[in-house]
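Participant: Next input, structure requested:
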Amino acid sequence: MSKTIVVALGGNAILQPKQKGTYENQLENVRTSSKFLAKLIKDGYKLVVTHGNGPQVGNILRQNEEAEDVVPPMPLDVLNGESQGFIGYMMIQCLQSELRALGIDTPVVNLITRVEVSKDDEDFNDPSKPIGTFYTEEEAKKLMDEKNWKMKADSNRGWRRVVPSPQPINILEANAVKQLAEAGNVVVASGGGGIPVIKTENGDYEGIEAVIDKDRSGYKLAEEVNADIFMILTDVEHVFVNFGSPEQKALKETSVNELEKYVAEGQFSKGSMGPKVESALKFARKAGTSIICSLEKVDEAVRSESGTIISK
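Facilitator: A predicted model of the protein is given here:
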């Protein structure tokens with residue numbers, strides 16, 4: 001039976017830092033990503049793709065705020081749904097084209113996905129999720145004064161607006177994703193970490209304004225669809241310890257216990273590699289193999305020839 005891979009693709013793979021957020025730029029980036037993702041399907045894997053939306057949802061939010069005197073603005077959970085729709089559309093277009101070029105007749109579907117969170121999550125008090133474009137420190141301070149935005153430095157790449165990023169509790173459409181994947185579809189799901197919703201007293205769900213980290217919801221999605229492999233794609237080939245020092249070392253095949261030791265040492269920064277390692281560890285502890293690797297090396301990583309491979 002074919003193995004199922006859940007792949008988490010970063011929002012910056014769709015829109016690079018300092019790139020203009022045009023449709024053409026983003027479509028070209030998705031087209032490039034799709035060339036590599038299609039290799040997994042060619043190799044016989046069932047594929048579920050989730051993606052980030054930090055740059056995109058930040059730009060949509062600013063559009064809403066700038067035009068609020070002309071068009072009524074929408075809440076952030078609705079904007080998450082909007083980004084799921086247009087990124088999913090681009091992924092369907094590009095993946096379908098790549099598969100057709102390989103002679104593979106596999107449907108690609110995008111599923112609007114909700115993710116349950118807690119309204120009491122501590123991140124609502126101290127927002128941590130960077131969205132939108134990068135600014136200099138001077139620009140950021142001006143925006144904090146003029147627009148009352150919350151801004152933080154983002155991994156030495158500049159300053160960005162931050163919004164709450166609660167922990168995912170439950171992927172509400174997980175069963176539908178699983179059924180679609182098992183039926184032979186490539187499924188794009190839980191985009192942008194999923195639309196954040198909270199459970200009400202009567203058992204219904206209502207949206208809440210936040211942006212969930214896509215690696216954390218990707219782990220939950222991989223767990224709930226019973227994936228064999230959870231793969232986080234990033235812009236480096238491996239996870240490193242002692243990064244930037246003479247003792248820098250790439251982690252290749254590693255165990256849960258070894259990686260937990262490095263986490264305890266504080267090796268991975270909260271704003272960049274930290275959530276990736278945290279999410280990969282959770283999946284490897286409970287369900288299967290986790291891989292953190294570069295987009296260009298996906299087919300090599302599933303053969304354990306590249307990337308950081310984490311298992312029990």
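Participant: in this structure, what secondary structure element scores lowest on mean pLDDT?
Facilitator: Averaged element by element with mean pLDDT, DSSP states H and E, the chain has its least confident helix or strand at strand 129-135 (a mean of 87).
Participant: Give me the neighbour count for the closest residue to residue 248 other than its chain neighbours.
Facilitator: Spatial nearest neighbour of residue 248, excluding adjacent residues (Cβ to Cβ, 6 or more residues apart in numbering): residue 242 at 5.0 Å. In this view, the C-beta of every residue, glycine as well, is placed from N, C-alpha and C. Neighbours of residue 242 under the rule other Cβ atoms under 10 Å: 12.
Participant: do residue 235 as well
Facilitator: 12.
Participant: Give me the neighbour count for the residue lying closest to it once chain neighbours are set aside.
Facilitator: Excluding the flanking residues, the one nearest residue 235 by Cβ to Cβ, 6+ apart is residue 294, at 6.5 Å. Residues lying near residue 294 (other Cβ under 10 Å) number 17.
Participant: Scan this protein for its longest helix.
Facilitator: Using DSSP state H to define each element, the chain has its longest helix at helix 76-101.
Participant: Give me the distance between the following helix or strand past that helix and the centre of its chain.
Facilitator: Beyond helix 76-101 on the C-terminal side, the first helix or strand identified by DSSP states H and E is strand 108-111. Here the centre of strand 108-111 is set off from its chain's centre by 16 Å, with Cα atoms, centre = their mean, to the nearest Å.
Participant: Which secondary structure elements does strand 108-111 sit against?
Facilitator: Applying 3 or more Cβ pairs under 8 Å, 6 or more residues apart in numbering; DSSP states H and E, we find strand 108-111 packed against helix 76-101, helix 174-182, strand 186-189.
Participant: Could you tell me which strands sit next to that strand in the sheet, and their orientation?
Facilitator: strand 186-189 (parallel) (DSSP bridges).
Participant: for the helix or strand just after the partner strand, which positions count as buried?
Facilitator: Per DSSP H and E, strand 186-189 leads on to strand 195-199 as the next helix or strand towards the C-terminus. Buried positions in strand 195-199, judged by neighbour count with 16 or more other Cβ atoms under 10 Å: 195, 196, 197, 198, 199.
Participant: Quick check, the last one in contact with residue 117.
Facilitator: Which is residue 199. No. The criterion here is Cβ atoms under 8 Å, and residue 199 misses it with residue 117 at 9.4 Å.
Participant: Work out for me the element residue 257 sits within.
Facilitator: Going by DSSP H and E, residue 257 is in helix 256-264.
Participant: Tell me the buried residues in that helix?
Facilitator: Buried-residue list, helix 256-264, by 16+ other Cβ under 10 Å: 256, 259, 262.
Participant: Just to check, the last one is in contact with residue 278?
Facilitator: Spelled out, it's residue 262. No. Between residue 262 and residue 278 there is no contact under Cβ under 8 Å: 11.7 Å.
Participant: In this structure residue 106 contacts residue 183, no?
Facilitator: No. With contact defined as Cβ under 8 Å, residue 106 does not count as touching residue 183 (10.7 Å).
Participant: Those two: who's more crowded?
Facilitator: Neighbours were counted for residue 106 and for residue 183 using other Cβ under 10 Å; residue 106 has more, 17 against 11.
Participant: So what does the more buried one look like in phi/psi?
Facilitator: Dihedral angles of residue 106 (phi, psi; degrees, to the nearest 10) stand at phi -120, psi 120.
Participant: hmm, back to that, for the buried residues of strand 195-199, please prepare CSV with the additional fields distance to residue 156 and pLDDT.
Facilitator: Below are the buried residues of strand 195-199 laid out as CSV (distance: Cβ to Cβ, whole Å; pLDDT from 0 to 100):
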residue, distance to residue 156, pLDDT
195, 31, 98
196, 28, 98
197, 34, 98
198, 34, 98
199, 38, 97
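Participant: So which residues make contact with the helix holding residue 257?
Facilitator: Residues outside helix 256-264 that contact it (Cβ atoms under 8 Å, 6 or more residues apart in numbering): 241, 251, 268, 277, 278, 280, 281, 284, 285, 310, 311, 312.
Participant: Just those residues: which are in helices?
Facilitator: Among the contacts of helix 256-264, DSSP H puts 277, 278, 280, 281, 284, 285 in helices.
Participant: on that earlier part again, tell me the most buried of the helices and strands packed on strand 108-111?
Facilitator: strand 186-189 (a mean of 28; mean count of other Cβ atoms under 10 Å).
Participant: who's in contact with it?
Facilitator: Here strand 186-189 has contacts from 41, 47-51, 87-88, 91-92, 95, 99, 106-111, 113, 173, 177, 180-181, 221, using Cβ under 8 Å, 6+ apart.
Participant: can we see that at 6 Å?
Facilitator: 47-49, 88, 91, 106, 108-111, 113, 177, 180-181 (Cβ atoms under 6 Å, 6 or more residues apart in numbering).
Participant: Farthest pair within those?
Facilitator: 106 and 113 (20.1 Å; Cβ to Cβ).
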